[in-house]
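A.B. asks: build the 3D model from these lines:
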Amino acid sequence: MKIFVRALALATVLASAASAAAQATPAADTTTLQFHGFRAGARIDEINGVLRRFDGKPLRCRRAQADRRVSECRAAVQLADLGGAVDLWVSAVDSVASVMTISGYGSGGQVDRWRRGLERRYGSVGAKVQGSQWMMQWVQQGRMLRLTWRTDRNDKPVSVSLVDGRVLDAWGRDRAKSARRP
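C.D. replies: Next up is the predicted model:
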């Protein structure tokens, strides 16, 4: 009985300490890397749902000739939250987004809005510079989100790329198995 009482007392102390620690530190964003609802690893129907919320048209998809499991999909959408017109490109394997790019032009502070929103959500990371191109990158749970922009023009091209490494790895393993079969 004494062991049970001590274990219960220890559990109570640990639970209250964990609760106090959780209240003292802001909660980390544990969601999948995403950008305005778009995320790598999403199914095509989910992406079309995000486009509908923004009053956009659904993705137009074409299957690859070399591997019928792969589709290339495109859409254009007017997004006030994203600074105006943006293009969406998706490479999907079995209707699951492996690589997604959202691109537009960074006039009127669009680059700064995108960067600040991503840093608020996922934390600050150092920007890397190569010539006039800048890049910031976040990686979580086999997924990557990369913000890229150029500074050499008045209308700064800006893009967010979302990559799901797990989808790509599974596709690569399947292709390797198929190649080994007689």
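A.B. asks: so where's the protein shaky on pLDDT?
C.D. replies: Judged by pLDDT under 70, the chain has its weakly predicted residues at 1-31, 81-82, 107-108, 153-154, 181-182.
A.B. asks: any chance you could map the helices in it?
C.D. replies: 2-24, 44-53, 110-122, 165-180 (DSSP state H).
A.B. asks: gap between residue 174 and residue 165?
C.D. replies: For residue 174, the distance to residue 165 (C-beta to C-beta, to the nearest Å) stands at 15 Å. Placement of C-beta: from N, CA and C, glycine included.
A.B. asks: residue 58 now?
C.D. replies: 26 Å.
A.B. asks: then residue 51?
C.D. replies: 24 Å.
A.B. asks: so for those two, which sits in the more crowded spot?
C.D. replies: residue 51 (20 against 16; other C-beta atoms under 10 Å).
A.B. asks: who's in contact with the more buried one?
C.D. replies: 57, 58, 59, 75, 77, 88 (C-beta atoms under 8 Å, 6 or more residues apart in numbering).
A.B. asks: what's around the fourth one, how many residues?
C.D. replies: Taking other C-beta under 10 Å as the criterion, the count of residues near residue 75 is 21.
A.B. asks: surely it touches residue 85?
C.D. replies: No - between residue 75 and residue 85 there is no contact under C-beta atoms under 8 Å: 11.2 Å.
A.B. asks: would you mind measuring from the residue lying closest to residue 50 once chain neighbours are set aside to residue 93?
C.D. replies: The spatial neighbour of residue 50 that comes closest, neighbours along the chain excluded (C-beta to C-beta, 6 or more residues apart in numbering), is residue 37 at 4.2 Å. Residue 37 sits 21 Å away from residue 93, taking C-beta to C-beta as the criterion.
A.B. asks: do the same with residue 113
C.D. replies: Separation of residue 113 from residue 93 (C-beta to C-beta): 31 Å.
A.B. asks: pull the contacting residues for residue 114.
C.D. replies: By C-beta under 8 Å, 6+ apart, the contact set of residue 114 is 35, 82, 83, 106, 147, 158, 160.
A.B. asks: so who does the fifth one touch?
C.D. replies: Contacts for residue 147 (C-beta under 8 Å, 6+ apart) come out as 114, 115, 118, 135, 136, 137, 158, 159, 160.
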